[in-house]
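Trainee: Any chance you could fold what I've pasted below:
(chains A and B)
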Amino acid sequence: METQTEAPYDGNTMAGPLSDVFAVEVTTAVGRCRGCGTSSQLATFRVYGPEPGFVGRCPGCENVLMRLVRTSDALWIDLSGVSALRIAMPDAAADASQ
Amino acid sequence: MARAAVSGGLKLRRTWRSAAVVERRPETPTACTLVLDVPEWPGHLAGQHVDVRLTAPDGYQAARSYSLAAPSDGLRIQITVQAVPDGEVSSYLVSDALPGDSVEVRGPVGGWFVWRSEHSGPVLLIAGGSGVVPLMAMIRTRAMRPEPDEGRASANSAHINSAPFRLIYSVRTPQDRIYYDELRRRAVEDGGLEVKFLYTRAAAADEPRPAGRISIDDLVSHGITAELQPTCYVCGPTGFVETVADLLIFLGHDPSRIRTERFGPSGP
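Mentor: All right, here's what the predicted structure looks like:
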């Protein structure tokens, strides 16, 4: 898909809204594009927004990977462009010692 | 207390909290540093952000993400905001926010574009315009003596980080340089830090390099060679970041050691 203009932001800018619902830092998660198969960290998605919502595109092929829209009473997350999301979890043993 | 920022304070980080503006410091004609007092600030890593939310009298809210400009000083944090045309949050913060005013903040957020002070490898920092802000946080954090480690055997880590740091900082004109005096001072006082300014529209009087956009020559002359495997942090407008990332890859830098953060479509 061809985009009109270059993405003004990247996934780093979605860290705050995502922290509303995710218990771990999710911008370091790796998403695999359903279109081209590229795996990329969410922080590197090409992001448009923030109003009316964030649209994150694949750095490899520009497919829409995710949409993030905050309404007055809900957060909508559309991940239909991502075929898999890998979220690193803290090591349970190391975490318990902190 | 970097570790606390990662593993602790989860609820705090997710909560919007009222923060008081305690100081404003103009940096350039269009950029301003605000020092904020944030109750129960849990600490943060260099490169992390804070979200700032403003609420209008009619209830309308707007939130934007800003890079933290310095390590936290107790409950005090610093952001440096560049006014963007028609920016409803930035224009207030740069022009109108005064000591005593309050804003809401949430954070710290972000975990990818960060530098940890226990890392001792070489670091290449490349900034376009106000993209220097998170990189300045890394430079300032590097120069700090770490707090005594709690409960971890790391007697060797209690010294100032001496990782080689190089900053290449591209601005339009000399008056657009943020942190100029401090960067010049640190380039002398902070061992292992080198700073090079590039000008895209009008060069400083003492600058032999003609004004122009960043080029491969600049990276070869002032960067760190790929053989030394530096971690590269690139922050600036999208076009700048993409140009620099492509040049770094061309010069042999491993893409996995190139971290980028982009904001806004306009070039420096």
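Trainee: tell me the domain boundaries of chain B?
Mentor: Following automatic domain parsing, one finds the domains of chain B at B:9-109, B:123-263.
Trainee: Now that we have those domains, can you turn them into JSON lines and tack on distance to residue A:12?
Mentor: For the C-beta atoms, the positions are set from N, CA and C on the backbone; glycine is no exception. Converted to JSON lines, the domains of chain B look like this (distance: least, CB to CB, whole Å):
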{"stretch": "domain B:9-109", "distance to residue A:12": "7"}
{"stretch": "domain B:123-263", "distance to residue A:12": "5"}
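Trainee: So for chain A, which of these sits nearest?
Mentor: For chain A, the closest of the domains of chain B is domain B:9-109, at 3.6 Å, according to CB to the nearest CB.
Trainee: Just give me the longest strand of the chain.
Mentor: Since no chain was named, I'll use chain A. Ranked by residue count under DSSP state E, the longest strand found in chain A is strand A:64-70.
Trainee: wrong one, chain B
Mentor: Per DSSP E, chain B has its longest strand at strand B:17-28.
Trainee: Can you list the strands that that strand pairs with?
Mentor: strand B:31-37 (antiparallel), strand B:102-109 (antiparallel) (DSSP bridges).
Trainee: hmm, who's touching the shortest one?
Mentor: Under the contact criterion CB atoms under 8 Å, 6 or more residues apart in numbering or on different chains, strand B:31-37 has outside partners B:19-27, B:69, B:75-83, B:93-95, B:97, B:103, B:105, B:130, B:178.
Trainee: Residue A:17 and chain B, how far apart?
Mentor: 8 Å (CB to the nearest CB, to the nearest Å).
Trainee: In contact with the residue lying closest to residue B:161 once chain neighbours are set aside: list those residues for me.
Mentor: Counting by CB to CB, 6 or more residues apart in numbering or on different chains, residue B:161 lies nearest to residue B:142, which is 4.8 Å off, once chain neighbours are set aside. The contact partners of residue B:142, taken as CB under 8 Å, 6+ apart, are B:46, B:115, B:117, B:160-161, B:163, B:165, B:190, B:193.
Trainee: Buried subset of those residues, written for ChimeraX?
Mentor: The ChimeraX selection below is limited to those of these classed as buried (16 or more other CB atoms under 10 Å in any protein chain shown):
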select /B:46,115,117,161,163,165,190,193
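Trainee: Filter the contacts of residue B:142 down to just the ones in helices.
Mentor: Taking DSSP state H, every one of these sits outside helices.
Trainee: Let me have the contacts of residue B:142 in JSON lines, adding pLDDT as columns.
Mentor: Shown next, in JSON lines, are the contacts of residue B:142 (pLDDT from 0 to 100):
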{"residue": "B:46", "pLDDT": "97"}
{"residue": "B:115", "pLDDT": "96"}
{"residue": "B:117", "pLDDT": "89"}
{"residue": "B:160", "pLDDT": "70"}
{"residue": "B:161", "pLDDT": "75"}
{"residue": "B:163", "pLDDT": "89"}
{"residue": "B:165", "pLDDT": "97"}
{"residue": "B:190", "pLDDT": "93"}
{"residue": "B:193", "pLDDT": "97"}
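Trainee: Report how many residues lie close to residue 25.
Mentor: If you meant another chain, say so; for now it's chain A. When neighbours are defined as other CB atoms under 10 Å in any protein chain shown, residue A:25 has 24 of them.
Trainee: try chain B instead
Mentor: 11.
Trainee: Could you check how far it is from residue A:85?
Mentor: Using CB to CB, to the nearest Å, residue B:25 is found at 41 Å from residue A:85.
Trainee: Residue B:136 - that's part of a helix, no?
Mentor: Yes - according to DSSP: H, G, I helix; E, B strand; the rest coil, residue B:136 belongs to a helix.
Trainee: residue contacts, the residue nearest to residue B:228 when sequence neighbours are not counted?
Mentor: With CB to CB, 6+ apart as the criterion, residue B:228 has its nearest non-adjacent residue at 5.3 Å, and that residue is residue B:122. Listed by CB under 8 Å, 6+ apart, the contact set of residue B:122 reads B:163-166, B:224, B:228-231.
Trainee: tell me the two of those that are most distant?
Mentor: Using CB to CB, those reach their maximum pairwise distance at B:165 and B:229, which is 14.6 Å.
Trainee: now the helices for the stretch 1-150 of chain B?
Mentor: B:2-7, B:10-14, B:90-95, B:132-142 (DSSP state H, counting those that start in this stretch).
Trainee: Just the element for residue B:220, please.
Mentor: helix B:216-222 (DSSP states H and E).
Trainee: Now do the contacts for residue A:48.
Mentor: Residues in contact with residue A:48, defined by CB under 8 Å, 6+ apart, are A:7-9, A:54-55, A:57.
Trainee: 7 Å - rerun?
Mentor: The contact partners of residue A:48, by CB atoms under 7 Å, 6 or more residues apart in numbering or on different chains, come to A:7-8, A:55.
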